[in-house]
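A.B. asks: coords please:
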Amino acid sequence: MTKDLRLIASIYPNQEHADTIYETLKSMNLYKKIKLVDAALVTKDEGGKVHIHETKEVTTAKGARRGAIAAGVLGLIYPPSLIASVVVGGGVGGLWGKMRDTGIKTGDMQQIAEKQQPGEVALIVLTESGSVAPIEHEMEGLGKYIVHHGFSEEEAEQIEQAAAEAAKSAP
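C.D. replies: Model (predicted):
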């Protein structure tokens, strides 16, 4: 059975603010207040290049699968030509291509890439639908901009299948 996956993102003025919110969400996940599937912190440098920073393990999933989900979803938000470094695991390149080929679109999520200024940090969270409200409540306190995108059941299944395939082919 496919999970009802949701993507939530917010932009913070600096790393400290983003880290504070991320640590709060990790604690909430640990104490079963929310369900985090994955999370990533994204910065943009002065040249406009995007840098994806791996977050510590938030689930019991294997690192390669988890990293593949983050990288694949981030590849839909940020144009691959802007991504300078990817520090997440899995078969990232193949997953981006596979997800783009399926036609999954993130709509408003691409506004995160457009609105993020150099020095700001975007926190992007992949979660299940039942966790959206508490996560948004935590993220909006310090965030300057927040968006939420739901995937159709078919898109969520494609994300999970592509991530599983990427994890199988990971070294």
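
A.B. asks: Strands along this structure, start to end?
C.D. replies: For the chain, strands defined by DSSP state E occupy the ranges 5-12, 36-44, 50-54, 83-86, 121-128, 145-150.

A.B. asks: a markdown table please, covering those and showing distance to residue 137, mean pLDDT and mean neighbour count.
C.D. replies: For the C-beta atoms, the positions are set from N, CA and C on the backbone; glycine is no exception. Shown next, in a markdown table, are the strands of the chain (distance: least, CB to CB, whole Å; pLDDT from 0 to 100; neighbours: other CB atoms under 10 Å):
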| stretch | distance to residue 137 | mean pLDDT | mean neighbour count |
| --- | --- | --- | --- |
| strand 5-12 | 11 | 89 | 24 |
| strand 36-44 | 15 | 85 | 23 |
| strand 50-54 | 24 | 76 | 19 |
| strand 83-86 | 30 | 54 | 16 |
| strand 121-128 | 13 | 88 | 24 |
| strand 145-150 | 10 | 82 | 17 |
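
A.B. asks: Among those strands, which comes closest to residue 113?
C.D. replies: Smallest distance to residue 113 across those (CB to CB): 7.2 Å, for strand 50-54.

A.B. asks: What pairs with that closest one, parallel or antiparallel?
C.D. replies: Strand pairing for strand 50-54, using DSSP bridges, gives strand 36-44 (antiparallel), strand 83-86 (parallel).

A.B. asks: Tabulate the CA atom coordinates of that strand in CSV.
C.D. replies: C-alpha atoms of strand 50-54 as CSV (Å, rounded to 0.1, in the frame of the first residue of the first chain):
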residue,chain,number,x,y,z
VAL,A,50,22.3,25.0,-5.0
HIS,A,51,23.9,22.8,-2.4
ILE,A,52,22.0,19.9,-0.8
HIS,A,53,23.2,19.0,2.7
GLU,A,54,22.5,15.5,4.0
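
A.B. asks: That one to strand 121-128, inter-axis angle?
C.D. replies: Counting by axes from the mean of the first three to the mean of the last three CA atoms, to 10 degrees, strand 50-54 points 50 degrees away from the direction of strand 121-128.

A.B. asks: Any regions of the chain where pLDDT drops low?
C.D. replies: 1-2, 54-76, 79-109, 162-171 (pLDDT under 70).

A.B. asks: Would you map the helices across this structure?
C.D. replies: 15-30, 63-77, 92-102, 110-115, 132-140, 153-169 (DSSP state H).

A.B. asks: Which one of the strands of the chain lies nearest to residue 21?
C.D. replies: The closest of the strands of the chain to residue 21 is strand 121-128. By CB to CB, the value is 5.8 Å.

A.B. asks: Tell me what angle the closest one forms with strand 5-12.
C.D. replies: Going by the same axes, to 10 degrees, strand 121-128 makes 160 degrees with strand 5-12.
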